[in-house]
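> got a sequence here, can you model it:
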Amino acid sequence: MPKPIRNRRLRALRRSAVALACASVMALTGLPGFTLATAAPKPLDPGKRCDELYGLPSSTSPTVDLPEFDASRAKSQWDEYEYVNPAKEWDGLGPPSAAKEAALSQLTKAPATQPDRVWWR
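So this is what the prediction gives:
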């Protein structure tokens, strides 16, 4: 009987040594070397204009002129939409009238129209 217990200990010791060796190899090779670290670049001097900083001539003109129309926002963000905008759907919705509120309080099932559903809850 002493032999199987000794084999179990040796097997456990061998597996522990292999695991320790693998972990140390992965830890040491996965880390960057100390010589590879570099400092952050020097920030731009806030006291200089861009043309002075990069040595551009002062007579530099833009390559493209600004458009003649309103280019402040994309067409998809304009206030007039070609579709029903869910974000603008409830603008201007006020409280229901007293008659409408009385009619909604008597319902047991949700109404068909959307504003009535909101008031019914």
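> can you name every helix or strand that the worst-scoring helix or strand of the chain on mean pLDDT contacts?
In the chain, no helix or strand scores lower on mean pLDDT, DSSP states H and E than helix 114-120, which sits at a mean of 74. Applying 3 or more C-beta pairs under 8 Å, 6 or more residues apart in numbering; DSSP states H and E, one finds that helix 114-120 contacts helix 98-105. Any C-beta I mention is one placed from the backbone N, CA and C, and that applies to glycine too.
> quick one: mean pLDDT for the helix it packs on?
Helix 98-105 shows a mean pLDDT of 84.
> neighbouring contacts of that helix?
Contact with helix 98-105 is made by 95-96, 111, 116, 119-120, as judged by C-beta atoms under 8 Å, 6 or more residues apart in numbering.
> mind doing that once more with 10 Å?
If you take C-beta atoms under 10 Å, 6 or more residues apart in numbering as the criterion, helix 98-105 is touched by 95-97, 111, 115-117, 119-121.
> report the buried members of the residues you listed.
Buried subset of the contacts of helix 98-105 (neighbour count, 16 or more other C-beta atoms under 10 Å): 96, 119-120.
> which single one of those is nearest to Arg9?
Of all those, Arg9 sits closest to Trp120, with 74.9 Å by C-beta to C-beta.
> now that closest one. Nearest residue, chain neighbours left out?
Among residues not flanking Trp120 along the chain, Leu104 sits closest, at 4.9 Å (C-beta to C-beta, 6 or more residues apart in numbering).
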